[in-house]
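Engineer: A predicted structure for the sequence below; I have some questions about it.
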Amino acid sequence: MDVLPLISILSCILGGIGVILHTDYINKIIMFAFLEAGLIGLITSFYYLDVSIISSILEPIGTVILLLGALKYAHLKRTKKKYSSEVPILAR
Amino acid sequence: MNTMNLVVLTTYIGYFLLIIGVIGAIFGPMTNDPLKRLLNIEVPSMGVALIFLAYNETLALMTYIAVNSVLMLVFVRAIIKNEELEA
Amino acid sequence: MEIEVIKLIIASIICWINFVVVDTYFGLPKKPGVSGAEVIGKKIEKIGGNINGGYFMGNIVCSPDASAGTLMAAIFYYAMGFEGGLIAALLIFIGNRLCNDPGYAGTIGTITATILIYLCSGFIEPQYFIAGMVIAIFTIQGFHHAYASKLLGSIAKKMGRI
Amino acid sequence: MDIVILTIGTIMVIVGLRIFLTRSRALKLPYVCCLNFCMAALIVLYIKSPMGALTAVVYFISSTISSNAIAHTIGEMKKIEKTMK
């Protein structure tokens, strides 16, 4: 066994446990990026270089989608707490 | 002595991530928030990708990684719409 | 065995001096270039560091500067020879433009690192420069944040670039 | 076993454990940056060809873009938490 597969396996295990145990959005997304790094290293150690390039291009797209969703969701939850008692009466 | 080679170890890691992710998505900490549950769902998805890798399914792996990011967009959009429309 | 350790330490010192001098000369500690670097600088100041060193570390995290340029020059020299360094400079420039940065520091740092590796190629092989760059980035970003930011701030004040 | 690969592997194990154990959000990002450096170096030392170098460059630049987006979002999230108390 070489060093790159061992390190990638360690990164996969730590990232998978860390995504579940952390409770903040940003911490979860950082640990998810850590898990993706392990996945790309493990794909590369099988000599599938084209799949590795495709995967490393698509990784920031998924991260940006999750970040925009988390930002919009936090903003929505803040603003709805304030008006939720009177707005539905006016809407009807 | 050569039984624990790379392919067998990758299969075990894939099944480990699958089981841990499914248990964490059901009983994990603070999963009444739907976005946190979606982030826990990503862990078994990566486990499925590792199992594809261990059985040498290159085309399936590439397609799965590409479709996964589109699927993430659909789920995030659905969660935000649900939060907006709910009174 | 001992000659390899000496080669590793010499390559690490060369990489450290190269990227710190180039990044400080192009004004990284003065202001946060992209908007994410300000958060890291403020946080490092809160735990007892220097604000200019914090901006320096935030700029390294948020866009590929001369530190990434040194690593990429070593990688392409290891794979392709001397003319790989120019390809590395082009790729670093594309990466800088993707991160909304002017991109002078990355290209200049890559070219100077290529010239330094070419001058040292008689007695130090290029793979020692790869490990040396990893050790150099570990001493700044991963060892102790407050002490490293104080050191970077004092170097920037001594060069007169604050 | 080579001393170069062993040094990079040891540094990567230390940095991975420190990412897992640090509690602050903004202080995790320098460790992630150091981990990206280590991973690109290990990729090009495992595959000794120009295609391996190209893979390492594409991985490094795209992960830097991802890290930039995370740092930008931390600032926006702090701004939201400050204005709407």
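Structural biologist: Done, it's in. Numbering: from 1, shown residues only, chains lettered A, B, ... in the order given.
Engineer: nearest spatial neighbour of the spatially most central residue of chain B, chain-adjacent residues omitted?
Structural biologist: Residue closest to the mean C-alpha point of chain B, counted by CA atoms, centre = their mean, is residue B:45 at 1.8 Å. In space, and not counting its chain neighbours, residue B:45 is closest to residue B:68: 5.9 Å by CB to CB, 6 or more residues apart in numbering or on different chains. Any C-beta I mention is one placed from the backbone N, CA and C, and that applies to glycine too.
Engineer: mind checking which helix or strand that neighbour is in?
Structural biologist: Using DSSP states H and E, residue B:68 maps to helix B:58-85.
Engineer: pretty sure residue C:129 sits against residue C:119.
Structural biologist: No: using CB atoms under 8 Å as the test, residue C:129 is too far from residue C:119 to be in contact (11.8 Å).
Engineer: the more surrounded of these two?
Structural biologist: More crowded of residue C:129 and residue C:119, by other CB atoms under 10 Å in any protein chain shown: residue C:129, with 31 against 10.
Engineer: list the contacts for residue A:2?
Structural biologist: A:45, D:5, D:46 (CB atoms under 8 Å, 6 or more residues apart in numbering or on different chains).
Engineer: quick one: low-confidence parts of chain A?
Structural biologist: For chain A, the stretches with pLDDT under 70 are A:81-92.
Engineer: where does the single nearest residue of it relative to chain C land in three-state SS?
Structural biologist: Closest to chain C within chain A is residue A:60: 9.8 Å, counting by CB to the nearest CB. Classification of residue A:60 using DSSP: H, G, I helix; E, B strand; the rest coil returns helix.
Engineer: just give the number of residues close to the nearest residue to residue C:106 once chain neighbours are set aside.
Structural biologist: For residue C:106, ignoring the flanking residues on the chain, the nearest one in space by CB to CB, 6+ apart is residue C:92 at 4.3 Å. By other CB under 10 Å, 28 other residues sit near residue C:92.
Engineer: quick one, what contacts residue 60?
Structural biologist: Chain wasn't specified; assuming chain A. Neighbour list for residue A:60: D:62-63, D:65-66, D:69 [criterion: CB under 8 Å, 6+ apart].
Engineer: you answered for a different chain; I wanted chain C.
Structural biologist: Residues near residue C:60 by CB under 8 Å, 6+ apart: C:23, C:28, C:67, C:140-141, D:33.
Engineer: just the helices in the chain please.
Structural biologist: Since you didn't name a chain, this refers to chain A. A:3-21, A:25-44, A:49-83, A:87-91 (DSSP state H).
Engineer: looking at chain C here, not the other one
Structural biologist: For chain C, the helices defined by DSSP H cover C:2-25, C:37-46, C:51-62, C:66-80, C:84-98, C:104-119, C:126-141, C:145-159.
Engineer: so where's chain D shaky on pLDDT?
Structural biologist: For chain D, the stretches with pLDDT under 70 are D:1, D:85.
Engineer: now with 90, please.
Structural biologist: Scanning chain D for pLDDT under 90 picks out the ranges D:1-5, D:20, D:22-28, D:48, D:75-85.
Engineer: narrow the contacts of residue A:2 to those in strands?
Structural biologist: In strands, judged by DSSP state E, none of those are found.
Engineer: which among the residues you listed are in contact with chain B?
Structural biologist: residue A:45 (CB under 8 Å from any CB of the partner chain).
Engineer: need the contacts of residue A:2 in a markdown table with neighbour count and distance to residue A:15, can you?
Structural biologist: Putting the contacts of residue A:2 into a markdown table (neighbours: other CB atoms under 10 Å in any protein chain shown; distance: CB to CB, whole Å) gives the following:
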| residue | neighbour count | distance to residue A:15 |
| --- | --- | --- |
| A:45 | 25 | 17 |
| D:5 | 19 | 22 |
| D:46 | 18 | 20 |
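Engineer: ok, of the contacts of residue A:2, which one's closest to residue A:78?
Structural biologist: For those, the closest approach to residue A:78 (CB to CB) belongs to residue A:45, at 44.2 Å.
Engineer: residue D:14 touches residue C:142, doesn't it?
Structural biologist: Yes: under the contact definition of CB under 8 Å, residue D:14 touches residue C:142, with a separation of 7.3 Å.
Engineer: more neighbours: these two, which one.
Structural biologist: residue C:142 (22 against 15).
Engineer: does residue C:159 touch residue C:23 like I think?
Structural biologist: No: shown here, residue C:159 and residue C:23 do not form a contact pair, counting by CB under 8 Å, at 10.8 Å.
Engineer: more crowded one of the two?
Structural biologist: Taking other CB under 10 Å, residue C:159 and residue C:23 do not tie; residue C:23 has more neighbours (25 against 13).
Engineer: how close does the nearest residue to that one once chain neighbours are set aside get to residue B:83?
Structural biologist: Leaving aside its sequence neighbours, residue C:23 sits nearest to residue C:66 (CB to CB, 6+ apart; 4.9 Å). Note on residue C:66: its distance to residue B:83, by CB to CB, to the nearest Å, is 44 Å.
Engineer: so between these two, which is more surrounded?
Structural biologist: Applying other CB under 10 Å to residue C:66 and residue B:83 shows that residue C:66 carries more neighbours, namely 29 against 15.
Engineer: picking up where we left off before, tell me the angle the helix or strand where the residue nearest to the centre of chain B lies makes with helix A:3-21.
Structural biologist: Following DSSP H and E, one finds residue B:45 within helix B:34-54. Taking axes from the mean of the first three to the mean of the last three CA atoms, to 10 degrees, one finds that helix B:34-54 is oriented at 160 degrees with respect to helix A:3-21.
Engineer: buried set for helix B:34-54?
Structural biologist: By neighbour count on 16 or more other CB atoms under 10 Å in any protein chain shown, the buried set for helix B:34-54 is B:35-54.
Engineer: again with stretch C:127-147
Structural biologist: So for stretch C:127-147, counting by 16+ other CB under 10 Å, buried means C:127-138, C:140-142, C:145.
Engineer: average pLDDT across it?
Structural biologist: What stretch C:127-147 shows for mean pLDDT is 88.
Engineer: please apply the same query to stretch C:43-59.
Structural biologist: Average pLDDT, stretch C:43-59: 87.
Engineer: is it positioned near chain A?
Structural biologist: No: applying CB under 8 Å from any CB, one finds stretch C:43-59 separated from chain A by no less than 12.8 Å.
Engineer: equivalent analysis for stretch D:49-61, please.
Structural biologist: Yes: using CB under 8 Å from any CB, stretch D:49-61 comes into contact with chain A via D:51-52, D:54-55, D:58-59.
Engineer: which among the residues you listed are in contact with chain B?
Structural biologist: Among the residues of stretch D:49-61 next to chain A, none lies close to chain B by the criterion of CB under 8 Å from any CB.
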